[in-house]
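> quick check, what structure comes out for this input:
(2 chains)
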Amino acid sequence: LAKTTQPISMDSYEGQEVNITCSHNNIATNDYITWYQQFPSQGPRFIIQGYKTKVTNEVASLFIPADRKSSTLSLPRVSLSDTAVYYCLVGDNAGNNRKLIWGLGTSLAVNP
Amino acid sequence: DVKVTQSSRYLVKRTGEKVFLECVQDMDHENMFWYRQDPGLGLRLIYFSYDVKMKEKGDIPEGYSVSREKKERFSLILESASTNQTSMYLCASSPLADRPNIQYFGAGTRLSVL
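Model prediction:
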């Protein structure tokens, strides 16, 4: 099974770009990479998902190199409201929910 | 918007009590999940269900059971609560489709077992 590893915490300032990297050396062929955001006293919320190369939406970008052994969530021009915990999730799309492997989360603090 | 509702935000129970945590989703999703979340341990899957009356053990099912009698409702049961089950419990749902790992979460139930 893939194991996902991400930094425990990161600090940034308003207006900066933040990149959070997740390592998943044993990712399987069918696995997708998904990122979630969690605020205190709330459940995680889906941000972005990808399989390879680059995916961009209105919130973030996700960069996945060719070997897919890592992925980087990029948050452009962060604000104070981006202070949250960010989770990386690796899993397949074959309907087997037991193969969903969560990282332990990266606590991002955005400072004024 | 998908709504996943957990019946209680906070619960305080005594050791040995039988505890029911309820979760309802309104998007006709096939998959439903129960996680617990503890500091430093991230999200750990307790049980999941991919259909009515179907259930599968997750990574930490010991001490828990589940019930799914209707598609929209997934209940987590602590048969005899213990202090080590004090935790944040999160329910989630996802459509069966081709991307099971896009999950929609409830706000969580913080359970304290005294």
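> ok, the closest residue to residue A:53 other than its chain neighbours - how many residues close by?
In this structure, residue A:53 finds its nearest non-sequential neighbour in residue A:64, 6.2 Å apart by CB to CB, 6 or more residues apart in numbering or on different chains. Any C-beta I mention is one placed from the backbone N, CA and C, and that applies to glycine too. If you count neighbours by other CB atoms under 10 Å in any protein chain shown, residue A:64 ends up with 21.
> cool, residue B:64 as well?
Per other CB under 10 Å, the neighbour tally for residue B:64 reads 20.
> so it bridges to which residues?
With DSSP bridges as the criterion, residue B:64 is bridged to residue B:78.
> OK, contacts around it?
Counting by CB atoms under 8 Å, 6 or more residues apart in numbering or on different chains, residue B:64 makes contact with B:34, B:46, B:47, B:76, B:77, B:78, B:79.
> and residue B:86, how far from chain A?
In this view, residue B:86 and chain A are 16 Å apart by CB to the nearest CB, to the nearest Å.
> that residue is in contact with residue B:78, isn't it?
No - Residue B:86 is not in contact with residue B:78 according to CB atoms under 8 Å; the separation is 10.7 Å.
> which one's more surrounded, the two?
Legend: neighbour count by other CB under 10 Å for residue B:86 and residue B:78, higher for residue B:78 (19 against 16).
> for the more buried one, give its distance to residue B:30.
Distance, residue B:78 to residue B:30, by CB to CB, to the nearest Å: 25 Å.
> now do residue A:64
Going from residue A:64 to residue B:30 by CB to CB gives 27 Å.
> over to residue A:26?
Distance, residue A:26 to residue B:30, using CB to CB: 28 Å.
> compare these two and say which is more crowded by neighbours.
Set residue A:26 next to residue B:30 and count neighbours by other CB under 10 Å: residue B:30 wins out with 17 against 12.
> next one, pLDDT for that one please.
Note on residue B:30: pLDDT of 89.
> repeat that for the one 4 residues further on.
Reported pLDDT at residue B:34 in the predicted model: 96.
> let's verify it: helix, strand, or coil?
strand (DSSP: H, G, I helix; E, B strand; the rest coil).
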